[in-house]
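Chemist: requesting a structural model of the entry that follows:
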Amino acid sequence: MVEPGVRWFDLYEAIEAAGLRPDALDRRLGWGGPVGNMLENGVTYLPYGVDWAAQCGMEVVLPNGEVLRTGMGAMPGNRA
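Modeler: From the prediction side, this is the model:
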């Protein structure tokens, strides 16, 4: 799960700190981030560069304060 404001560099460091290999991320991508990239139909290192098609859901706070959940996380008790 990634929150708005997380930069590619932040994600790289978090993956590395967890002892995982950030193969799909380039350490030089300090600009921008995964959320903005997905919303702008961005292209990076996923197969065919389709980051925008890889998101699994969103949790959006609407102007009236209501929370809107989409994707698998929106369904109560979902184990996905």
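Chemist: for the chain, what spans make up the helices?
Modeler: 8-17, 34-39 (DSSP state H).
Chemist: can I get the helix or strand bottoming out on mean pLDDT in the chain in CSV, CA atoms only?
Modeler: Here the helix or strand of the chain ranked lowest by mean pLDDT, DSSP states H and E is helix 34-39, holding a mean of 76. Extracted in CSV, the C-alpha atoms of helix 34-39 (Å, rounded to 0.1, in the frame of the first residue of the first chain):
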residue,chain,number,x,y,z
PRO,A,34,3.8,5.7,-7.9
VAL,A,35,0.4,7.3,-7.1
GLY,A,36,0.9,10.3,-9.5
ASN,A,37,2.4,8.1,-12.1
MET,A,38,-0.6,5.7,-12.0
LEU,A,39,-3.1,8.5,-12.1
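Chemist: low-confidence ranges, this protein, go.
Modeler: Along the chain, the model assigns pLDDT under 70 to residues 22-30, 42-54, 73-74, 79-80.
Chemist: where do the strands sit along this structure?
Modeler: For the chain, the strands defined by DSSP state E cover 59-61, 67-69.
Chemist: among these, which is nearest Gly77?
Modeler: strand 67-69 (13.2 Å; C-beta to C-beta). In this view, the C-beta of every residue, glycine as well, is placed from N, C-alpha and C.
Chemist: any chance you could list what contacts the closest one?
Modeler: Strand 67-69 has contacts (C-beta atoms under 8 Å, 6 or more residues apart in numbering) with Gly57, Met58, Glu59, Val60, Val61, Leu62.
Chemist: in JSON lines, list these along with distance to Trp8 and neighbour count.
Modeler: Shown next, in JSON lines, are these (distance: C-beta to C-beta, whole Å; neighbours: other C-beta atoms under 10 Å):
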{"residue": "Gly57", "distance to Trp8": "21", "neighbour count": "14"}
{"residue": "Met58", "distance to Trp8": "19", "neighbour count": "14"}
{"residue": "Glu59", "distance to Trp8": "21", "neighbour count": "13"}
{"residue": "Val60", "distance to Trp8": "22", "neighbour count": "10"}
{"residue": "Val61", "distance to Trp8": "23", "neighbour count": "9"}
{"residue": "Leu62", "distance to Trp8": "27", "neighbour count": "8"}
